[in-house]
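Q: quick one, what's the 3D model for this:
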Amino acid sequence: MSEKIHLLPSDAKRKRLIRAQVSTNPHYGKAPHNRTIQELLSNGFINLDKPRGPTSHQVDAWIKEILDIDKVGHGGTLDPGVTGVLPVALGSGTRALQVLLVAGKEYIALMKLHKSVEKKKLIETCESFIGDVEQLPPVRSAVKRVKRKRKIYYLDVLEVRGTDVLFKVGCEAGTYIRTLCVDIGKKLGCGAHMVELRRTRVGTITEHESVTLHDVKDAYVAWKEHGDETDIRTTIQPMERLLDLVPKIIIRDSAVDALCHGARLAIPGVVELDSGIKRDDIAAVLTLKGEGVALVKMVLSTEEIMQKDSGVCAHPERVLMNKGTYPSIWKKQ
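A: Take a look at the predicted model:
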């Protein structure tokens, strides 16, 4: 039997389209993989495997203490009892956490039915939740308790033992799996609740590449006390890893500083872009060296940008790069 395909929106395959062949000035900026450890500590990302017990904010505080840095943030809070992928950004890297709002999430959940039901009925009922669902956030949640629509991309029952049901679900950010279990139980007519939950991926960030808090501590000590960069370079990745969750636009060196000052992105500054970008999409703007410059909201599609020679193609949503990293050529014009 063929294996089921589980695709989140960030799994979309895109081609890189070229508008112009240009080079980058080696005297400005730096490719992300060439950053020093200190630079990664001030603009990095950790794919952390959150343990059961602490809150996500406690995990941030522990990482701050382990790495002896001032600023740590996470995207997609996990409850204390939930384990799995928790994207953690360091220093200026926290500016990029916004991309997680458009990344789909995948979970493995253990649900307890309050009475036995036929397996065929169980599977059909679970699959009926694929698509748009309306959810009322739990009483103890950080958001206003009003009904809201979320999308379920896939939902597979993996195993059934008595009234215990193990399932995998891919869903839009902000979907409450605890509420999903209750709603499945209501539709089955027997009642159900969530027993355990693990997040297995956020977009293309998977549990297979995640590290534990012990890994973070060991890697930092090996670098700090013995000068060994091997483990810390795999533990702390450049902030740009987060930008893999959205389509990308590559710009000329001369356009970089204007974006850092909050300017709109004009078509003449674009040299490469991904296929399949639509109006209102969130995209990441990168330099020719691969550095993150800004997150933008598109006002033109890929096709429209490829056909035009002038005009604005995107508005800034979040500046990622510090001003002055590249020269202010735009001020002289």
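Q: tell me who's in contact with the residue nearest the centre of the chain.
A: For the chain, residue 100 is the residue whose C-alpha lies nearest the centre (CA atoms, centre = their mean; 3.5 Å). When contacts are counted by CB atoms under 8 Å, 6 or more residues apart in numbering, residue 100 touches 75-76, 87, 173, 202-203, 242, 245. No exception for glycine: its C-beta is placed from N, CA and C like everyone else's.
Q: ramachandran angles for residue 179?
A: Backbone torsions of residue 179, given as degrees, to the nearest 10, read phi -70, psi -40.
Q: skipping adjacent residues, who's closest to it in space?
A: residue 135 (5.0 Å; CB to CB, 6 or more residues apart in numbering).
Q: that neighbour and residue 246: what is the separation?
A: Distance of residue 135 to residue 246, given as CB to CB, to the nearest Å: 25 Å.
Q: which residue ranges of the stretch 151-300 of the chain form strands?
A: For the stretch 151-300 of the chain, applying DSSP state E, counting those that start in this stretch gives strands covering 164-171, 192-202, 205-206, 237-238, 248-251, 265-266, 270-274, 282-286, 292-298.
Q: could these go into CSV alongside distance to residue 67, mean pLDDT and mean neighbour count?
A: Below are these laid out as CSV (distance: least, CB to CB, whole Å; pLDDT from 0 to 100; neighbours: other CB atoms under 10 Å):
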stretch, distance to residue 67, mean pLDDT, mean neighbour count
strand 164-171, 32, 98, 20
strand 192-202, 21, 98, 20
strand 205-206, 19, 97, 20
strand 237-238, 14, 98, 20
strand 248-251, 28, 98, 23
strand 265-266, 34, 98, 22
strand 270-274, 33, 98, 21
strand 282-286, 25, 97, 24
strand 292-298, 20, 98, 23
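Q: a markdown table for the ones you listed, including distance to residue 121?
A: Converted to a markdown table, these look like this (distance: least, CB to CB, whole Å):
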| stretch | distance to residue 121 |
| --- | --- |
| strand 164-171 | 12 |
| strand 192-202 | 13 |
| strand 205-206 | 32 |
| strand 237-238 | 45 |
| strand 248-251 | 45 |
| strand 265-266 | 52 |
| strand 270-274 | 43 |
| strand 282-286 | 40 |
| strand 292-298 | 44 |
